[in-house]
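[1] predicted structure and sequence below. I'll ask about it afterward.
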Amino acid sequence: MAGRPRRSHGREGAPLTATATQGAAAAHLDELLARRTEAGGRFFGPQAERLARLCHRMAERFARGGRLIALGASPAAASDAHHVAVEFVHPVIVGKRALPARSLTRAGGDLISQLALSARADDIVIAFAAEDADAAETARAIALARRRGCLTIAFSQVGAEWEFEPPGDDASVRQELVETLYHVLWELVHVFFDHRGLLAGRDARDVHDAGASSFLYPFLAEREHELEPLVENVRRSALMKAGEIDALRVQTLAGNRGVLLAAATALRESFERGGKLLAIGNGGSATDAMDLVADFLAPGAAGKPRPAIDLTEDAGILTAIANDIGVEAIFSRQVIAHGAPGDALLALSASGDSPNVIAALGQARAQGLSTIALVGYDGGRVSCEGLADHVVITRSEHIPRIQEAQASAYHALRELVELVPGAGGRT
């Protein structure tokens, strides 16, 4: 009957109206936000000085010709390995140098064998293990790296020299804390790398010229033989960045509560009608699309597996389209191939202006897909021109913080899909 609210049933079998279910989902979103804020405070406060000192050690390794090698065994861990490599090779801070980094995942075979062929003294090995089943392989890789003389970093107890284990048992929260941590490492390594006198094996100079970077890090002009004051300033900067992401998560999750609930409902209805999710993004956002799809395909305790395709993963398809047609078509061409009426497309973009994302959103609408966009800054063209059905805006101009808040948003979206009423009126 028209106008009658859909009904679902709770665990005890009592009927719940769709309105009540939406209310429960909204309350769960508030809980997810509180969980992240609490975990961030517990994690970064005690670790800030260690982070600062690790940045110094990493800068020394890079200065001696070392490389960053990121290991990721599971699909979710592989997304982090790809993400940290992108950040170091393609820095978004103007004027900062590209630093050598690569990712090793199971797509290339056994991680131990790959690392044995790659690792050398002065390299930095950072290992991501999203599942307990990966811990043994990761521990063996770390042991190999240490024997080779590499500096080793991990986020669980696998024998690395520098271990940062996030608190709690929520895998999504832990992964988000790790993403913030490696973004902070990437940002602050450059502070030490620019102070040649503080790096072992480099020629000292009395004063560093901060140049165009001085407005970002005013303490760069300190005397180069004064390590401890610089460590303290970097420690404070790490804490400041952790505070920034806490505030931005509040804006992203609480400020977009209605949009996230509506997007979750649209996704749930798409899945219940036999649809699938397509995900896209560029650079770090491409690795977030990988993580998002991994979460839908293998959600663990978060819900049932849902069909999803990562349109960023196939290098052959991407390079063929980019070479033969142009970069703008790399996603829209795949939407033509894979998209069907009733499917959904989720686009991640820090700017909201990426031409290939905009083209894909337009193609998706033309084919009858529902569209969701997670964007930064002021939302860019995607928001201004209404190019997606559901637009979640993270209002920041700092790309690492945008991506971290967007990770919270899509992790929350994944959980909400299992809580909101679907097309059949049941959760």
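    Thanks, I have it.
[2] all the strands of the protein, residue numbers only.
    Listed in chain order, the strands of the chain (DSSP state E) span 7-9, 15-17, 68-72, 101-105, 124-128, 151-154, 162-163, 277-280, 308-310, 344-349, 370-375, 390-393.
[3] looking at those strands, which is closest to residue 402?
    Comparing the strands of the chain by their distance to residue 402 (CB to CB), the top pick is strand 370-375, with 8.4 Å. Placement of C-beta: from N, CA and C, glycine included.
[4] the closest one - what's its average pLDDT?
    For strand 370-375, mean pLDDT is 98.
[5] mind giving me the packing neighbours of it?
    helix 257-272, strand 344-349, helix 355-366, helix 380-384, strand 390-393, helix 399-417 (3 or more CB pairs under 8 Å, 6 or more residues apart in numbering; DSSP states H and E).
[6] partner strands of it, with direction?
    Strand 370-375 has the following strand partners under DSSP bridges: strand 344-349 (parallel), strand 390-393 (parallel).
[7] hmm, who's touching the longest one?
    Read it as strand 344-349. Strand 344-349 is contacted from outside by 266-267, 270, 275-282, 285-286, 288-289, 292, 335, 339, 357, 360-361, 364, 369-376, 380, 382, 388, 406, 410, using CB atoms under 8 Å, 6 or more residues apart in numbering.
[8] one more time with 6 Å, if that's ok
    Applying CB atoms under 6 Å, 6 or more residues apart in numbering, the external contacts of strand 344-349 come out as 267, 270, 277-281, 285, 288-289, 357, 361, 364, 369-375, 406.
[9] redo the strands of the chain as JSON lines? Include mean neighbour count and distance to residue 178.
    Shown next, in JSON lines, are the strands of the chain (neighbours: other CB atoms under 10 Å; distance: least, CB to CB, whole Å):
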{"stretch": "strand 7-9", "mean neighbour count": "16", "distance to residue 178": "35"}
{"stretch": "strand 15-17", "mean neighbour count": "15", "distance to residue 178": "36"}
{"stretch": "strand 68-72", "mean neighbour count": "28", "distance to residue 178": "11"}
{"stretch": "strand 101-105", "mean neighbour count": "21", "distance to residue 178": "15"}
{"stretch": "strand 124-128", "mean neighbour count": "29", "distance to residue 178": "7"}
{"stretch": "strand 151-154", "mean neighbour count": "24", "distance to residue 178": "10"}
{"stretch": "strand 162-163", "mean neighbour count": "17", "distance to residue 178": "12"}
{"stretch": "strand 277-280", "mean neighbour count": "26", "distance to residue 178": "20"}
{"stretch": "strand 308-310", "mean neighbour count": "21", "distance to residue 178": "20"}
{"stretch": "strand 344-349", "mean neighbour count": "28", "distance to residue 178": "18"}
{"stretch": "strand 370-375", "mean neighbour count": "27", "distance to residue 178": "19"}
{"stretch": "strand 390-393", "mean neighbour count": "24", "distance to residue 178": "22"}
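[10] where does the chain have low pLDDT?
    Within the chain, the stretches with pLDDT under 70 are 1-20, 93-95, 130-131, 133, 194, 196-197, 200-225, 302, 422-427.
[11] can you add distance to residue 142 and give the helices and strands packed on strand 370-375 back as TSV?
    Shown next, in TSV, are those (distance: least, CB to CB, whole Å):
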stretch	distance to residue 142
helix 257-272	37
strand 344-349	31
helix 355-366	37
helix 380-384	41
strand 390-393	37
helix 399-417	25
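[12] out of these, deepest packed?
    strand 344-349 (a mean of 28; mean count of other CB atoms under 10 Å).
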